[in-house]
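Peer 1: Here is a sequence with its predicted model. Questions after.
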Amino acid sequence: MTLRGFYTLSAAGCLGGWLWTIGSMASAGQGVWKGCLFKMLLHVPCPSCGATRAVMAVFRGDVAGAFCLNPLGLLLAAGLVVLPVWLLADLLRRRATLYRLFLRMDTLLQRRRAFVVFACVILVNWAWVLFHQ
């Protein structure tokens, strides 16, 4: 991925994440999307089920509640706060520190051991979601 493409996609992702969160909070906490397609088709929650509600809980100050809904929601909420600031800092300082981190993470996840650890974290999170729904 090119530097420009990465920053364009990252900015669009941050904007989309904020619009989704604000829209979800404005719709009385019910969410913009009224259900998980994965759950509707397979009758099993997906690894990210509850993440939107978890992000909203974090922004309301209920971190423990957010963790119970979906631990990955904490990371998403942190990303919604940190990434726009990081993108703006890179833009203003004319640096590419976030892009360099992306390239390092991409290289790391190409290693089998790191990928397996990452996949296990997602599976553990999924188990958490399954047993807390």
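Peer 2: Thanks, I have it.

Peer 1: In which helix or strand does the residue nearest the centre of the chain reside?
Peer 2: A centroid search over the chain (C-alpha atoms, centre = their mean) returns residue 76, at 3.4 Å, as the residue closest to the centre. Using DSSP states H and E, residue 76 falls within helix 72-93.

Peer 1: again, but for residue 20
Peer 2: helix 3-26.

Peer 1: outside of that helix, which residues touch it?
Peer 2: Helix 3-26 is touched from outside by 1, 30-32, 52, 55-56, 59, 76, 79-80, 83-84, 87, 90-91, 96, 98-99, 102, with contacts defined as C-beta atoms under 8 Å, 6 or more residues apart in numbering. (Each C-beta comes from the backbone N, C-alpha and C, glycine too.)

Peer 1: ok, back up a step: which residue comes closest to the residue nearest to the centre of the chain once chain neighbours are left out?
Peer 2: Nearest residue to residue 76, sequence neighbours excluded (C-beta to C-beta, 6 or more residues apart in numbering): residue 55, at 5.2 Å.

Peer 1: Let me know the secondary structure of that neighbour.
Peer 2: Per DSSP: H, G, I helix; E, B strand; the rest coil, the secondary structure class of residue 55 is helix.

Peer 1: Provide a list of residues in contact with it.
Peer 2: 21, 66, 73, 76, 77, 80.

Peer 1: can you tell me which of those lies nearest to residue 127?
Peer 2: Here the nearest of the contacts of residue 55 to residue 127, counting by C-beta to C-beta, is residue 73; it sits at 15.7 Å.

Peer 1: From residue 46, how far off is the nearest residue to the closest one once chain neighbours are set aside?
Peer 2: Leaving aside its chain neighbours, residue 73 sits nearest to residue 54 (2.3 Å; criterion: C-beta to C-beta, 6+ apart). From residue 54 across to residue 46, the span is 14 Å (C-beta to C-beta, to the nearest Å).

Peer 1: Quick check on the two: which one has the bigger neighbour count.
Peer 2: Neighbours were tallied for residue 54 and for residue 46 using other C-beta atoms under 10 Å; the higher tally belongs to residue 54 (27 against 16).
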